[in-house]
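> This is a predicted model, with the sequence first.
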Amino acid sequence: KQFNPKNPKSLALRTHSQTSGWSLTEQDPFNNVGRTCIEAMGAALGHTQSLHTNALDEAIALPTDFSARIARNTQIYIQEETMVTKQVDPWGGSYYVEALTNEIAHRAWEHIQEIEKLGGMAKAIETGLPKLRIEEASARTQARIDSGRQTIVGINKYRLDHEDPIDILEIDNTEVRKDQVARLVDLKGHRDEEAVKKALEAITECVRTKEGNLLDLAVKAAGLRATLGEISDACEDVVGRYKAVIRTISGVYSSETKQDPDFIKAQQMCEEFAKREGRQPRIMIAKMGQDGHDRGAKVVATGYADCGFDVDMGPLFQTPAEAARMAVENDVHILGVSSLAAGHKTLIPQVIEELKKLGREDILVTAGGVIPAQDYDFLYKAGVAAIFGPGTRIPLSAIKMLEILEGE
Ligand code: B12
């Protein structure tokens, strides 16, 4: 249905809501149960038709059975104990909520129009605009949290002096990989190789000639047990692999946090470093393995650049050897690994090894992202100089890294 900006209710949507995992904290994680309940309640009051609730250990690891049960029960509680789902549009007529709905619809409409002007979403993605807007908003939010202007309980207020690690779900990456490889070998040993080869050739041909239905051919190939990797390789033979253009933004973080004493201190330390060493401290932010979470990496890249670092941003999905080579070629002082997909125990020791092979063990390796406290010692022993998890204040991490560099 066509959206009429004068009447936000003309936007008839089927809605699925996911409570915001981003707003959940590694620190004092039981606070996350309350946060998720309020977010889920908001979604239910906004008459969402389906709902996902995050677990209390969202910012630490994959959920345990315990944390998943609490997350599920949060929904059941809202549904079966509060009965809010029995009413149609319970907030209908509330002046304040209607005003908010109106405001958000109009602001969303501005974004939609910006995208339309670029020729639609596919074209907009090519220009990098939607991602840029997300990154600007993330940097701004991070700066507001870091400077204390936006309260996050347990992070920038009411923080505990000491926290005991909670029970988490531990997954042995090496074992998972071994199992997966064994399953692939088994699968490939029990399929009609000739039929798979033909199906994949048909895909390559379709991509080359742009004739036929690619999705249909991919479904047929999958039915013959071609793997996802083989199907995408069959396309890649003709069209190559999509390479995202890496763009970093500057000035957004500092515009929100100029007065923060820690930010000012980090800037001063960068200036002193540059005077002493003849160049700015240089950091490369690396994303390795199959970890596509680049928001934190982009946020810290922006923050460090605004503090006065010279920042290089590695592409997504680098191998440890590629990341180490890029760090050496760019002659960085620090290689900062951002790891959110549980690859830290394998990929970080590997990148340290690769730096050694290149004779550059002097490059400081630091890590950030979703790394459970239980794994810190393992990483320190592997040679990581400092670890900065979710909730890290960017200026403080910059100061810490500069202090380590100074001490060397
Ligand atoms: C947003 C998000 C996504 C987005 C990512 C968008 C993007 N472009 O980045 C989307 C929806 C695409 C996504 C997808 C998936 N996600 Co996700 N995601 C998250 C979430 C909710 C927030 C991450 C985030 O952006 N935080 C905000 C940033 C600013 O914080 P941050 O990265 O932690 O960075 C801070 C610090 O860590 C530190 N820092 C970070 N990097 C560095 C680097 C250096 C050098 C330094 C000094 C500091 C530093 O400083 C930053 C500022 O404080 C987390 C849960 C969580 N709350 O952390 C799950 C989470 C990371 N995702 C998870 C999973 C499982 C997935 C999927 C596999 C889900 C699926 N089955 O498809 C996919 C995988 C995609 C892929 N290819 O990797 C898991 C990972 C589990 C694990 N580690 O064991 C998590 C932990 C959720 C969970 N508990 O299950 N995800």
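It's in.
> Tell me the secondary structure of D262, please.
Under DSSP: H, G, I helix; E, B strand; the rest coil, D262 falls in the helix class.
> now that we're looking at the closest residue to it other than its chain neighbours, how far away is H333 from it?
What sits nearest to D262 in space, not counting adjacent residues and going by Cβ to Cβ, 6 or more residues apart in numbering, is P395, at 3.9 Å. Yep, even glycine has a C-beta here, placed from its N, CA and C like the rest. Using Cβ to Cβ, to the nearest Å, one gets 18 Å for the distance from P395 to H333.
> Which one's more surrounded, those two?
Using other Cβ atoms under 10 Å as the criterion, P395 and H333 rank with P395 on top: 26 against 23.
> wait, that one sits on K258?
No: assessed by Cβ atoms under 8 Å, P395 is found out of contact with K258, at 11.4 Å.
> residue ranges of the helices in the stretch 1-150 of the chain, please?
For the stretch 1-150 of the chain, the helices defined by DSSP state H, counting those that start in this stretch cover 31-45, 65-76, 95-117, 121-127, 129-146.
> do the same with the stretch 151-300 of the chain
Using DSSP H, counting those that start in this stretch, helices in the stretch 151-300 of the chain cover 173-189, 193-209, 214-223, 228-239, 252-257, 261-277, 295-307.
> Of all the ones you listed, which one is nearest E406?
helix 261-277 (7.6 Å; Cβ to Cβ).
> helices or strands up against the closest one?
The contact analysis (3 or more Cβ pairs under 8 Å, 6 or more residues apart in numbering; DSSP states H and E) places helix 261-277 against helix 295-307, helix 394-407.
> among these, which is the most enclosed?
helix 295-307 (a mean of 25; mean count of other Cβ atoms under 10 Å).
> strands paired with the helix or strand following it, and their directions?
Note on helix 295-307: by DSSP states H and E, the next helix or strand toward the C-terminus is strand 310-313. Here strand 310-313 is paired, per DSSP bridges, with strand 282-286 (parallel).
> Quick one: mean pLDDT over the partner strand.
In this model, strand 282-286 carries a mean pLDDT of 98.
> contacting residues around that strand?
297, 300-301, 304, 309-314, 318, 323, 326-327, 330-338, 351, 401 (Cβ atoms under 8 Å, 6 or more residues apart in numbering).
> again with stretch 221-234
By Cβ under 8 Å, 6+ apart, stretch 221-234 touches 184, 187-188, 190-192, 195-196, 199-204, 207, 218.
> what's the nearest residue to C235 if we skip its chain neighbours?
V207 (5.0 Å).
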